[in-house]
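Chemist: requesting a structural model of the entry that follows:
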Amino acid sequence: MILKRKTEFLGIAASFFWICLLVPFNISANQFLQDNNSQTNLWDRVRNGFTLAAPPDSKERRTIQASYAKNLRMFNRIVSNSERYLFHIVEEVERRGMPLEIALIPVVESSYNPLVKATPGNPSTGLWQFVPRTGRYLGLSQTMWYDDRRDVIASTEAALNYLQYLYDRFDSWELAIASYNIGEGVVGRILAKTSIKDKAKGFYQLNLPIEAKQYVYKLLVVKDIIANSKKYGIKLRSVPNQPYFDTVKIHKPIEVPVVARLANISETEFIKLNPAYNGFVVKVFNEPRTLLLPRDNSKTFLRNLQIYQNAKVPWQLFHVKKGENIQLIANRHGTTVHLLRAMNNLFDNKQIALANDQLLLIPSSSKQSDASVSYKKASADIYIVKKGDTLYHIAKRYGTTIDQIKQWNNNSDISLSIGQELLLAKN
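Modeler: Below is the predicted model:
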């Protein structure tokens, strides 16, 4: 009996021990899951990485805060601009162990708009706003074909390398950020004239130019708005905590509209992701060039690029005219509907309705026109649809049937329009 009671007591004690052990474990696991779920919004991840202290209260700080708080529409536009680039920059800043305030520097520099053009009065450009001399010093190529100061990946790497160097030199992120704005030489000379006692008072007590202090104020005010957006009455747009773009390598020159067509994106989207290119053509010289494409479109581009490069004939851009359909265009250029659909992302078994002036990639007419003409002469007549025509009258006039016309034109649902070309087999 005593043995039985001891056994029962030991069993209860063991159960109590495991319950006490598991409860904190479950709480920790739940906390981990909650923290992990909260990271679906990139802004939460950014907030968690802030480390720099807020600047002391001052007239300058309040003025800068008021300028942002009174223009919430502008601030939300900046947030919207950042959505393409922020994840990549946050990844790079975290990888280097930098404070995530650094990822906000493009807010102050360019409003997260890499397409800001350099002018004679302001020669800086790109997300990180490098002047030509600094860009060259940091290894950013600047040619008539492209300007890597505007390249999202290259300029970010250069900026973070430079900021890390400035931090290593001055042992202060505030001084590194100020040096990024006014130059390390200016900061270095001021520090050389500053006593150890004055240096100990901190960054905001140093005799730095007012623009340098205001620059740091701006960055930390932006940080405060993002960290405490509710206090400012701002509802930040959620940014997915995942990559926006993939990188692809190209080894041959290619036109920008062709890239956009192969990737099934707009030229505007391409330019926003690849603002370094100055002209109509992406030039490739000694080394491959890297293109940025939305993640959902990069595989589409690579698949279509393979078709494009493996084609026996070159391709060209073709503007669709009113009344033209894909079968007509394929016949005219001696190719197939299937290939045109594949190259232009028109994956649909039904009749493809093409818009007037729509842009298509088609085999170059310089080599295809002769083949197309000989094909037509050997096997068919081309009939131009006129006002009042119907399939019944055309079939009767040419001694054939409506079904036969549909078969010749590979189209089970022909909708006639004036000026349309129909393929008609000879009697």
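Chemist: neighbours of residue 115, just the number please.
Modeler: 13 (other Cβ atoms under 10 Å). (Each C-beta comes from the backbone N, C-alpha and C, glycine too.)
Chemist: also residue 265?
Modeler: 20.
Chemist: that one - nearest residue in space that isn't next to it in sequence?
Modeler: residue 297 (5.3 Å; Cβ to Cβ, 6 or more residues apart in numbering).
Chemist: quick one: pLDDT of the residue nearest to residue 239 when sequence neighbours are not counted?
Modeler: Nearest non-adjacent residue to residue 239, counting by Cβ to Cβ, 6+ apart: residue 42, 4.1 Å away. Per-residue pLDDT puts residue 42 at 95.
Chemist: I'd assumed residue 85 was in contact with residue 42.
Modeler: No - Residue 42 lies out of contact with residue 85 (Cβ atoms under 8 Å); the separation is 11.1 Å.
Chemist: which residues do these two both contact?
Modeler: Common contact partners of residue 42 and residue 85 (Cβ atoms under 8 Å, 6 or more residues apart in numbering): none.
Chemist: one step back: give the contact list for the residue nearest to residue 265.
Modeler: 263, 264, 265.
Chemist: A helix includes it, no?
Modeler: Yes - according to DSSP: H, G, I helix; E, B strand; the rest coil, residue 297 belongs to a helix.
Chemist: distance of it from residue 262?
Modeler: For residue 297, the distance to residue 262 equals 9 Å [Cβ to Cβ, to the nearest Å].
Chemist: and if you look at residue 197?
Modeler: Taking Cβ to Cβ, one finds residue 197 at 64 Å from residue 262.
Chemist: who has more neighbours, these two?
Modeler: Each of residue 197 and residue 262 had its neighbours counted (other Cβ under 10 Å), and the higher figure belongs to residue 262 (25 against 7).
Chemist: wait, residue 263 touches residue 293, no?
Modeler: Yes - between residue 263 and residue 293 there is a contact at 5.2 Å, judged by Cβ under 8 Å.
Chemist: mutual contacts of the two, please.
Modeler: 270, 301.
Chemist: which residues of the chain fall in strands?
Modeler: Secondary structure of the chain (DSSP state E): strands at 245-250, 254-255, 281-282, 289-294, 315-319, 359-363, 380-384, 421-425.
Chemist: and the fifth one, average pLDDT?
Modeler: Computed over strand 315-319, the mean pLDDT rounds to 78.
Chemist: ranges for the helices of the stretch 251-400 of the chain?
Modeler: With helices called from DSSP state H, counting those that start in this stretch, the stretch 251-400 of the chain shows them at 256-263, 267-273, 295-310, 326-332, 337-343, 365-379, 391-397.
Chemist: report the angle between the third one and helix 256-263.
Modeler: Translated: helix 295-310. Taking axes from the mean of the first three to the mean of the last three Cα atoms, to 10 degrees, one finds that helix 295-310 is oriented at 110 degrees with respect to helix 256-263.
Chemist: may I see the buried residues of helix 295-310?
Modeler: Buried residues in helix 295-310, counted by 16 or more other Cβ atoms under 10 Å: 297, 298, 300, 301, 304, 305, 308.
Chemist: need the residues you listed in JSON lines (columns: distance to residue 150 and pLDDT).
Modeler: Shown next, in JSON lines, are the buried residues of helix 295-310 (distance: Cβ to Cβ, whole Å; pLDDT from 0 to 100):
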{"residue": "297", "distance to residue 150": "21", "pLDDT": "94"}
{"residue": "298", "distance to residue 150": "21", "pLDDT": "94"}
{"residue": "300", "distance to residue 150": "25", "pLDDT": "92"}
{"residue": "301", "distance to residue 150": "21", "pLDDT": "93"}
{"residue": "304", "distance to residue 150": "26", "pLDDT": "89"}
{"residue": "305", "distance to residue 150": "24", "pLDDT": "89"}
{"residue": "308", "distance to residue 150": "26", "pLDDT": "80"}
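Chemist: how about CSV for those residues, with distance to residue 344 added?
Modeler: Listed next are the buried residues of helix 295-310 as CSV, based on distance: Cβ to Cβ, whole Å:
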residue, distance to residue 344
297, 14
298, 17
300, 11
301, 13
304, 9
305, 13
308, 11
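Chemist: now, which of these sits nearest residue 100?
Modeler: residue 298 (26.9 Å; Cβ to Cβ).
Chemist: roughly how far does residue 77 sit from residue 83?
Modeler: 11 Å.
Chemist: tell me the pLDDT of residue 326.
Modeler: 85.
Chemist: residues contacting residue 391?
Modeler: Contacts of residue 391 by Cβ under 8 Å, 6+ apart are 402, 405, 406, 414, 416.
Chemist: recalculate using a threshold of 7 Å.
Modeler: Contact analysis of residue 391 by Cβ atoms under 7 Å, 6 or more residues apart in numbering lists 402, 405, 414, 416.
Chemist: out of those, which sit inside helices?
Modeler: 402, 405 (DSSP state H).
Chemist: give the buried subset of the contacts of residue 391 as a PyMOL selection command.
Modeler: Listed next is the PyMOL selection for buried residues among the contacts of residue 391, using 16+ other Cβ under 10 Å:
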select buried, resi 405+414
